[in-house]
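Peer 1: Build me a model:
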Amino acid sequence: MITEAQLLADIVLISEIILEHGEKYAPLLDRLEQELAKRLKDSPVSRARRHLARSLPSQSSS
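Peer 2: Sure thing, here's the model as predicted:
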(Lines give C-alpha, C1' and ligand atoms only; values in the text may rest on other atoms or scores of the structure.)
Protein backbone atom coordinates (compact mmCIF):
# COMPACT_ATOMS: atom_id res chain seq x y z
CA MET A 1 0.00 0.00 0.00
CA ILE A 2 1.21 3.49 -0.85
CA THR A 3 1.74 5.74 2.16
CA GLU A 4 0.38 9.26 2.54
CA ALA A 5 3.96 10.57 2.37
CA GLN A 6 4.49 8.78 -0.94
CA LEU A 7 1.24 10.20 -2.31
CA LEU A 8 2.37 13.71 -1.37
CA ALA A 9 5.75 13.14 -3.00
CA ASP A 10 4.05 11.82 -6.14
CA ILE A 11 1.77 14.88 -6.23
CA VAL A 12 4.84 17.13 -6.13
CA LEU A 13 6.49 15.11 -8.90
CA ILE A 14 3.47 15.10 -11.21
CA SER A 15 2.96 18.82 -10.56
CA GLU A 16 6.48 19.46 -11.81
CA ILE A 17 5.85 17.24 -14.83
CA ILE A 18 2.65 19.14 -15.67
CA LEU A 19 4.44 22.48 -15.48
CA GLU A 20 7.26 21.17 -17.66
CA HIS A 21 5.34 19.03 -20.18
CA GLY A 22 1.76 20.24 -20.17
CA GLU A 23 -1.76 19.45 -19.08
CA LYS A 24 -1.89 16.05 -20.76
CA TYR A 25 -0.68 14.66 -17.40
CA ALA A 26 -3.46 16.34 -15.43
CA PRO A 27 -5.50 13.11 -15.06
CA LEU A 28 -2.62 11.66 -13.04
CA LEU A 29 -2.72 14.63 -10.68
CA ASP A 30 -6.50 14.31 -10.39
CA ARG A 31 -6.20 10.64 -9.44
CA LEU A 32 -3.47 11.25 -6.87
CA GLU A 33 -5.47 14.09 -5.30
CA GLN A 34 -8.57 11.88 -5.11
CA GLU A 35 -6.63 9.13 -3.37
CA LEU A 36 -5.15 11.60 -0.89
CA ALA A 37 -8.59 13.08 -0.16
CA LYS A 38 -9.97 9.60 0.55
CA ARG A 39 -7.22 8.97 3.07
CA LEU A 40 -7.70 12.31 4.81
CA LYS A 41 -11.46 11.90 5.10
CA ASP A 42 -12.76 11.37 8.62
CA SER A 43 -14.17 8.03 9.65
CA PRO A 44 -17.96 7.64 9.64
CA VAL A 45 -17.97 7.59 13.46
CA SER A 46 -16.07 10.90 13.63
CA ARG A 47 -18.41 12.49 11.11
CA ALA A 48 -21.49 11.21 12.98
CA ARG A 49 -20.20 12.65 16.26
CA ARG A 50 -19.57 16.00 14.60
CA HIS A 51 -23.12 16.09 13.17
CA LEU A 52 -24.62 15.27 16.54
CA ALA A 53 -22.51 17.89 18.30
CA ARG A 54 -23.74 20.54 15.87
CA SER A 55 -27.37 19.56 16.37
CA LEU A 56 -27.29 19.84 20.18
CA PRO A 57 -28.23 23.13 21.84
CA SER A 58 -25.32 25.23 23.02
CA GLN A 59 -24.27 24.52 26.61
CA SER A 60 -22.99 28.06 27.29
CA SER A 61 -23.76 29.64 30.66
CA SER A 62 -25.35 33.10 31.05
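
Peer 1: Only C-alpha atoms from now on, for both contacts and neighbour counts.
Peer 2: Fine.

Peer 1: could you pull out the helices for the chain?
Peer 2: For the chain, the helices defined by DSSP state H occupy 4-21, 26-40, 44-55.

Peer 1: Give me the below-cutoff pLDDT ranges for this protein.
Peer 2: 58-62 (pLDDT under 70).

Peer 1: For Glu23, grab the count of nearby residues.
Peer 2: Residues near Glu23, counting by other C-alpha atoms under 10 Å, number 13.

Peer 1: whoops, I mixed them up, Ile14
Peer 2: 19.

Peer 1: Repeat that for the one 3 residues further on.
Peer 2: The criterion is other C-alpha under 10 Å. On that basis, Ile17 has 16 neighbouring residues.

Peer 1: now swap in the one 3 residues further on and tell me
Peer 2: Counted with other C-alpha under 10 Å, the burial measure for Glu20 works out to 9 neighbours.

Peer 1: in the chain, which residue is closest to the centre?
Peer 2: In the chain, the centroid-proximal residue (C-alpha atoms, centre = their mean) is Ala37; its distance is 2.3 Å.

Peer 1: ok now do that one, which residues does it touch?
Peer 2: Neighbouring residues of Ala37 by C-alpha atoms under 8 Å, 6 or more residues apart in numbering: there are none.

Peer 1: quick one: it from Asp30, how far?
Peer 2: For Ala37, the distance to Asp30 equals 11 Å [C-alpha to C-alpha, to the nearest Å].
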